[in-house]
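>>> Need a 3D model of the following:
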Amino acid sequence: MAGKLGIHSLVFTDDWSGEKAAHSCRAAAEIGFELIEVLMFDPEALDVALTRKVVNDAGLELRLGMALGPEADISSADSSIAERGEKTVKRALEIASELGAPAVSGITYAAFANYGAPATVQARQRVAERLSRLDRRAGELGVRLGLEPVNRYESYLVNTLDEAASLIHASGGANLFIHMDTFHMNIEEGDIAAAIQRNAPLLGYAHVADSNRGILGGGHFDLTSYFGALESAGYKGDFTVEAFSSKVLSDALVAGVRLWREAWDDSLVAARLAFDVIRVAQEKARVGCKVW
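Next comes the predicted model:
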């Protein structure tokens, strides 16, 4: 596993501005992380100059995540909503190119929302067509676009690695990849190791989170087995810690991910612990290559 280890800015704060953004980057670098991920709900709201400065000053690399909202859902039958979503993803790709980030990934195929019905065949076709255009734009910009399967309560259409792969194949995308997230995989995948093996060529990025989405090591997710499965599959992508505590996040985000508990009150402690937990699990996997 040659990939770099990063941390999500939401471990520290969801206020990506001024000194808070700078502090998050400094803290990440001092602990030993090599990259930091910043989430965009609205790409136009991201302070590009600030982001460039604080990430570069800390000596980190940047990764960009995103999640479309219901008003910019590219799976929508309402063409104006779907078009807004496509433009939103396109702008995110342009920002990635401007900032030297290799990709944008996340809920890029539908909305971050609790849908009341399964995706239709027509919705999948609409998304595949739009992803095909976005794939071409990504190629022009020299960046990639990732699809993150999330659990059924946070979106639809792509809940498993297989569903992400199917949509990538349907779009014919050459610059698309699967963005794994262990929190969602723990809910939706029947056999995580088998899903990793089946989709190994498309795996490009990973969020590492525990089963309760709180402090890493505080849940039941078997990180050693997970890293062993990735080792067996030849995964070479990056890993980013994603863990949440309502103590450091806004009410809106807390409500969005139903984060009713304070997982910690000190982000530095949580980040240092996550770094150590991952490094130990990766080393155990390298030695034993334990899989499910």
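>>> roughly how far apart are residue 49 and residue 31?
25 Å (CB to CB, to the nearest Å). (C-beta placed from N, C-alpha, C; glycine too.)
>>> which of these two has more neighbours?
Comparing residue 49 with residue 31 by other CB atoms under 10 Å, the one with more neighbours is residue 31, at 16 against 10.
>>> my read: the more buried one touches residue 273, true?
No - with contact defined as CB atoms under 8 Å, residue 31 does not reach residue 273; the gap is 9.9 Å.
>>> For the chain, just list every one of the helices.
All helices of the chain, identified by DSSP state H, fall at 18-31, 48-58, 79-99, 121-141, 161-171, 182-188, 192-198, 223-233, 251-256, 267-288.
>>> what's the span of stretch 140-153 from first residue to last?
One end of stretch 140-153 sits 34 Å from the other (CA to CA, to the nearest Å).
>>> Next, count neighbours for residue 167.
Residues near residue 167, counting by other CB under 10 Å: 21.
>>> List the residues that contact it.
Applying CB atoms under 8 Å, 6 or more residues apart in numbering to residue 167 gives the contacts 109, 124, 127-128, 131, 147, 157-158.
>>> Quick check: the farthest pair among these?
With CB to CB as the measure, no two of the contacts of residue 167 lie farther apart than 124 and 147, at 12.4 Å.
>>> between those two, which one's more packed in?
The neighbour comparison of residue 124 against residue 147 (other CB under 10 Å) goes to residue 147, with 29 against 18.
>>> Could you measure from the residue sitting nearest the centre point of the chain over to residue 148?
The chain has residue 106 as the residue nearest its centroid, 4.7 Å off, counting by CA atoms, centre = their mean. For residue 106, the distance to residue 148 equals 5 Å [CB to CB].
>>> Now for the two: what residues contact both?
Counting by CB under 8 Å, 6+ apart, the common neighbours of residue 106 and residue 148 are 65, 179.
>>> So for residue 290, what pLDDT did the model give?
The pLDDT attached to residue 290 in the predicted structure is 45.
>>> Ramachandran coordinates for residue 150?
phi -120, psi 170 (degrees, to the nearest 10).
>>> For the protein, give me the ranges with low pLDDT.
Applying pLDDT under 70 to the chain picks out residues 1, 289-292.
>>> follow-up on the earlier one: could you name the stretch from the helices of the chain that's closest to residue 5?
Across the helices of the chain, closest to residue 5 is helix 267-288 (CB to CB), at 6.4 Å.
>>> List the buried residues of stretch 66-84.
66-69, 72-76, 81-82, 84 (16 or more other CB atoms under 10 Å).
>>> and residue 79, how far is that from residue 126?
Residue 79 is 9 Å from residue 126, by CB to CB.
>>> do the same with residue 46
27 Å.
>>> Residue 159: how many residues sit nearby?
21.
>>> hey, what's the residue nearest to residue 60 when sequence neighbours are not counted bridged with?
Spatial nearest neighbour of residue 60, excluding adjacent residues (CB to CB, 6 or more residues apart in numbering): residue 36 at 5.1 Å. For residue 36, the beta-bridge partners under DSSP bridges are residue 7, residue 62.
>>> burial count for residue 36?
Residue 36 has 26 nearby residues by other CB under 10 Å.
>>> One more: residue 45?
8.
>>> Next one: it from residue 38, what distance?
Residue 45 is 11 Å from residue 38, where distance means CB to CB.
>>> still on that earlier bit, if we compare the helices of the chain, which one ends up closest to residue 239?
Minimum separation from residue 239 across those (CB to CB) falls at helix 267-288, 6.8 Å.
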